[in-house]
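Trainee: can't give you the sequence, but here's the structure:
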């Protein structure tokens with residue numbers, strides 16, 4: 001393994017990656033299957049994202065992005081779901097990476113224990129390349145631009161009718177709280193993921209979380225019929241955007257990394273954008289007793305929502321659903337992350353970080369005074385926009 005390659009750890013530090021970085025010989029053999037990617041090949045960077053191995057690669061005069069997954073996490077069919085969504089977005093004019101295909105027409109290649117995908121590199125600069133999830137935007141203008149980019153993505157996805165993705169790790173789905181009975185939804189979720197179902201600590205943390213989140217699900221339930229199903233990104237962090245320049249007023253010019261995408265709804269995606277960029281959750285990870293002093297960037301949240309609504313105004317029901325959805329949206333990603341640690345890495349210690357610190361810890365925070373303050377701020381925002389609409 002290349003000892004210089006590092007990945008983002010669960011606490012925000014740089015750690016050894018789970019998977020070996022891409023090697024030049026490996027990349028050369030892969031790109032031989034694509035037309036137009038000839039000439040000198042050079043690996044220019046290794047992504048610090050932890051769940052796969054990925055690099056920006058120069059092939060002659062072209063720049064491409066190559067990602068390698070363990071087949072236990074993504075097989076060709078699983079990647080095909082993402083690629084079909086990206087193809088649709090491209091046809092609708094969205095600025096997303098173009099999926100490249102081999103001479104045989106394959107967009108995902110299974111080779112031994114790995115699955116590969118190759119994308120064009122979109123325009124723009126990777127301004128937040130080293131930023132991890134749960135770190136804030138640098139400026140309100142960036143937050144506003146990100147909100148507008150997410151709204152444009154939702155508009156482009158509006159007529160994409162593919163069903164929800166097949167069961168696999170590292171997909172930010174919305175099923176447990178999508179119906180009247182969260183307990184039944186949870187049991188179906190666990191049954192479909194045996195590594196979680198047979199893990200006693202996961203089951204215990206899930207039971208605790210259901211109790212903590214029940215008031216928020218109670219608030220969301222009446223609004224669920226009015227939330228239109230939509231394929232969504234589910235990981236709109238600043239580092240998953242390409243930017244026009246390095247200024248404080250930079251525009252978001254492309255959205256990347258659709259690995260967590262699934263059929264959820266627009267409010268679920270918008271709640272994830274708030275969760276990823278507005279609350280500095282790593283304060284809880286480093287000090288679980290710090291629940292009363294977790295930094296929350298209300299100015300950035302307001303700017304994010306302003307940017308979104310300039311492009312796609314929320315319906316009354318969507319605005320009302322945003323606060324309870326924010327408290328609920330982390331649950332399935334925490335569980336799918338635990339599934340990855342248990343089923344792909346066989347690492348119960350890190351699975352406990354996902355279920356205890358993330359799943360339960362965040363649910364506890366939303367029941368705290370500071371969490372309630374954030375949810376109340378969103379409720380107040382929704383009430384004010386409704387009152388303004390009636391004037």
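Mentor: That came through fine. A quick note: this is a predicted structure, and the numbers were derived from the prediction, not measured.
Trainee: Give the helix, strand or coil label for residue 134.
Mentor: Assigned state for residue 134: coil (three-state reduction, DSSP: H, G, I helix; E, B strand; the rest coil).
Trainee: tell me the contacts of the closest residue to it other than its chain neighbours?
Mentor: In this structure, residue 134 finds its nearest non-sequential neighbour in residue 281, 4.4 Å apart by C-beta to C-beta, 6 or more residues apart in numbering. Heads up, the C-betas are built off the backbone N, CA and C, glycines and all. By C-beta atoms under 8 Å, 6 or more residues apart in numbering, the contact list for residue 281 reads 134, 294, 362.
Trainee: Phi, psi for residue 40 please.
Mentor: With angles defined as degrees, to the nearest 10, residue 40 sits at phi -60, psi 140.
Trainee: now the one 4 residues further on
Mentor: Reported as degrees, to the nearest 10, the phi and psi values for residue 44 are phi -90, psi -30.
Trainee: what stretches of the stretch 201-350 of the chain score poorly on pLDDT?
Mentor: Confidence mapping of the stretch 201-350 of the chain against pLDDT under 70 gives the ranges 286-292.
Trainee: how about the helices of it, start to end?
Mentor: Counting by DSSP state H, counting those that start in this stretch, the stretch 201-350 of the chain has helices at residues 266-277, 282-286, 298-311, 316-328, 330-339, 348-352.
Trainee: Helices of the stretch 1-150 of the chain, residue ranges please.
Mentor: Under the criterion DSSP H, counting those that start in this stretch, the stretch 1-150 of the chain contains helices at 24-31, 76-91, 140-157.
Trainee: Those into CSV, with extra columns for mean pLDDT and mean neighbour count?
Mentor: Listed next are those as CSV, based on pLDDT from 0 to 100; neighbours: other C-beta atoms under 10 Å:
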stretch, mean pLDDT, mean neighbour count
helix 24-31, 96, 16
helix 76-91, 98, 18
helix 140-157, 98, 23
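Trainee: Let me see the confidence value for the nearest residue to residue 332 once chain neighbours are set aside.
Mentor: The shortest distance from residue 332 to any non-neighbouring residue, by C-beta to C-beta, 6+ apart, is to residue 173 (5.1 Å). Looking at residue 173, its pLDDT reads 97.
Trainee: Kindly report the same for the one 3 residues further on.
Mentor: Among the per-residue scores, residue 176 holds a pLDDT of 98.
Trainee: Count residues in the vicinity of it, would you?
Mentor: 25 (other C-beta atoms under 10 Å).
Trainee: which residues touch it?
Mentor: If you count contacts by C-beta under 8 Å, 6+ apart, residue 176 has them with 182, 185-186, 189, 331-332.
Trainee: Got phi/psi on it?
Mentor: In terms of degrees, to the nearest 10, the main-chain angles of residue 176 are phi -60, psi -40.
Trainee: how about the nearest residue to it, chain neighbours excluded?
Mentor: residue 185 (4.1 Å).
Trainee: where's the one you found relative to residue 211, distance?
Mentor: Residue 185 sits 15 Å away from residue 211, going by C-beta to C-beta, to the nearest Å.
Trainee: If you count surrounding residues, which of those two has more?
Mentor: It is residue 185, of residue 185 and residue 211, that has more neighbours when counted by other C-beta under 10 Å, with 19 against 10.
Trainee: which stretch of helix or strand covers that one?
Mentor: Assessed by DSSP states H and E, residue 185 sits inside helix 182-191.
Trainee: Which positions within the helix or strand following that helix qualify as buried?
Mentor: Where DSSP H and E defines the elements, the next helix or strand beyond helix 182-191 is helix 194-197. Within helix 194-197, the residues that count as buried by 16 or more other C-beta atoms under 10 Å are 195-196.
Trainee: what about helix 194-197, distance to the chain center?
Mentor: 22 Å (C-alpha atoms, centre = their mean, to the nearest Å).
Trainee: Please apply the same query to stretch 225-235.
Mentor: On the basis of C-alpha atoms, centre = their mean, stretch 225-235 sits 13 Å off its chain's mean C-alpha point.
Trainee: again with stretch 295-308
Mentor: Relative to its chain's centre, stretch 295-308 lies at 18 Å (C-alpha atoms, centre = their mean).
Trainee: ok, the residue nearest the centre of the chain to residue 51 distance?
Mentor: The residue lying closest to the centre of the chain (C-alpha atoms, centre = their mean) is residue 235, at 2.2 Å. Residue 235 sits 11 Å away from residue 51, going by C-beta to C-beta.
Trainee: list the residues that contact both of these two?
Mentor: Contacts common to residue 235 and residue 51, judged by C-beta under 8 Å, 6+ apart, are residue 259.
Trainee: Below-threshold pLDDT in the stretch 51-200 of the chain: ranges please.
Mentor: Within the stretch 51-200 of the chain, not a single segment meets pLDDT under 70.
Trainee: Please enumerate residues in contact with stretch 73-81?
Mentor: With C-beta under 8 Å, 6+ apart, stretch 73-81 has contacts from 51-52, 69, 106-110, 115, 117, 162, 165-166, 168-170, 259, 340, 344.
Trainee: of those residues, buried ones?
Mentor: Buried members of the contacts of stretch 73-81, counted by 16+ other C-beta under 10 Å: 51-52, 69, 106-110, 115, 117, 165, 168-170, 259, 340, 344.
Trainee: Distance to residue 197 for the helices of the stretch 1-150 of the chain - can I get that in JSON lines?
Mentor: Below are the helices of the stretch 1-150 of the chain laid out as JSON lines (distance: least, C-beta to C-beta, whole Å):
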{"stretch": "helix 24-31", "distance to residue 197": "35"}
{"stretch": "helix 76-91", "distance to residue 197": "20"}
{"stretch": "helix 140-157", "distance to residue 197": "32"}
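Trainee: quick one on the thing from earlier: the residue nearest to residue 332 against residue 265, yeah?
Mentor: No - using C-beta atoms under 8 Å, residue 173 is not in contact with residue 265, being 11.4 Å away.
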